[in-house]
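Participant: Using only what follows, build the 3D model:
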Amino acid sequence: MNARANTPDQINADGSTAFHLKRACNGCGDLLGDLDDRDVDKCGNLADARAECPNCHPLVDLEAKGCRTWHLTRRDLGSIDDAIDQYGIYAKGYWEDIDGKLTVTGLRIGAGNDRVVAKFGDWIIRHPNGKWSTHPAPGTGAATP
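Facilitator: Sure thing, here's the model as predicted:
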């Protein structure tokens, strides 16, 4: 895939600013560069740009290998918990003390030593062999195995 241009904003002589629209990764939201023809298909649908993103590219590879992925957000916590329950796996909110108050900060998947904890912003991955792992949100650290 061709590298994207990343045209900087330019201040015009009259003081106005000329800019190019930027494409963000539809997985994590990081900016990828200038918007171009590859971003919209012939029907006008926005294309999946995750394969271009350094953070989300590994997820695209995992999905191609048969993994199921979910992006964990506060809004999607309940539906992801329900989806994981459908696999017969115990899942519930993960609570932490934040400034002296117990707060849900993610989702705990499984029990015992094999449990996986995903924080809001992380991606949850179910591998074809039934194992679970996470892919961290950008800038938050390492993924779980």
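Participant: Listing request: residues of the protein with sub-threshold pLDDT.
Facilitator: For the chain, the stretches with pLDDT under 70 are 1, 139-145.
Participant: how about 90 then?
Facilitator: Judged against pLDDT under 90, the low-scoring parts of the chain cover residues 1-4, 26-30, 37-38, 41-42, 44, 46, 55, 111-114, 136-145.
Participant: any chance you could map the strands in it?
Facilitator: For the chain, strands defined by DSSP state E occupy the ranges 10-11, 17-18, 22-24, 31-34, 68-71, 91-98, 101-109, 116-119, 123-126, 132-135.
Participant: With respect to A47, which of those lies nearest?
Facilitator: Relative to A47, the nearest member of these by CB to CB is strand 22-24, separated by 9.3 Å. C-betas here are computed from N, CA, C, even on glycine.
Participant: Of all the strands of the chain, which one comes closest to N55?
Facilitator: In terms of CB to CB, the element of those nearest to N55 is strand 132-135, at 8.2 Å.
Participant: With adjacent residues omitted, what lies nearest to G121?
Facilitator: Here the nearest residue to G121 in space, its sequence neighbours aside, is A137; by CB to CB, 6 or more residues apart in numbering that works out to 3.1 Å.
Participant: Touching, the one you found and C28? I think so.
Facilitator: Yes. Applying CB atoms under 8 Å as the test, A137 and C28 come out as touching, 6.9 Å apart.
Participant: what's the burial count for H71?
Facilitator: A count of neighbours around H71, defined by other CB atoms under 10 Å, yields 19.
Participant: what is it paired to in the beta sheet?
Facilitator: When assigned by DSSP bridges, H71 has beta-bridge partners W123.
Participant: From A5, how far out is it?
Facilitator: The spacing between H71 and A5, counted by CB to CB, to the nearest Å, is 28 Å.
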